[in-house]
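Chemist: Predicted model and sequence follow; I will ask about them next.
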Amino acid sequence: MELVLTEIVEDSSSAEKETCWLKCRTSSGGMVVFWGEFGGANRNIVSLRNQALPIVIELSDPEACIPTEWERSRYKASLSIPSNVVVTINTEY
């Protein structure tokens, strides 16, 4: 699955929940949330923070990115990308 990320909307973390996230808007107006572990390597989040937007990404396992009802409600997420899903960045946009 390919997505075009156009804007970083939120870059945050929660020490008490031991998680961090990067919320991005897509070219279709949807919201995608990338998840990581607080203090962990967080390859997807770190890689995306350092890119000039817009950028095309590809998800290795879109079926693993279906948001929970809580994620839909709290983050308005159309996709929720856990840290174990490989994100490939296409720099040729």
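Modeler: Nice, thanks for sending it over.

Chemist: C-terminal to the longest strand seen in the chain, what's the next element?
Modeler: For the chain, the longest strand by residue count, based on DSSP state E, is strand 2-14. Counting by DSSP states H and E, the next helix or strand C-terminal to strand 2-14 is strand 19-26.

Chemist: Now do that following strand against strand 2-14, angle only.
Modeler: Inter-element angle recorded for strand 19-26 and strand 2-14: 150 degrees (by axes from the mean of the first three to the mean of the last three CA atoms, to 10 degrees).

Chemist: can you list contacts of strand 19-26?
Modeler: With contact meaning CB atoms under 8 Å, 6 or more residues apart in numbering, strand 19-26 is reached by 3-14, 31-38, 42, 44-45, 48-49, 75, 77-78. From N, CA and C alone the C-beta is placed, and that goes for glycine too.

Chemist: which of the residues you listed are buried?
Modeler: Neighbour counting by 16 or more other CB atoms under 10 Å classes 3-5, 13, 31-36, 42, 44-45, 48, 75, 77-78 among the contacts of strand 19-26 as buried.

Chemist: Let's see which of these end up in helices.
Modeler: 44-45, 48, 75 (DSSP state H).

Chemist: distance of the residue lying farthest from the centre of the chain from Phe38?
Modeler: Relative to the centre of the chain, the most outlying C-alpha is that of Glu16, 20.4 Å out, by CA atoms, centre = their mean. Glu16 is 9 Å from Phe38, where distance means CB to CB, to the nearest Å.

Chemist: can you tell me how far the residue lying closest to Cys20 once chain neighbours are set aside sits from Ser78?
Modeler: Excluding its sequence neighbours, the residue lying closest to Cys20 (CB to CB, 6 or more residues apart in numbering) is Ser13, at 3.6 Å. Distance from Ser13 to Ser78, counting by CB to CB: 22 Å.
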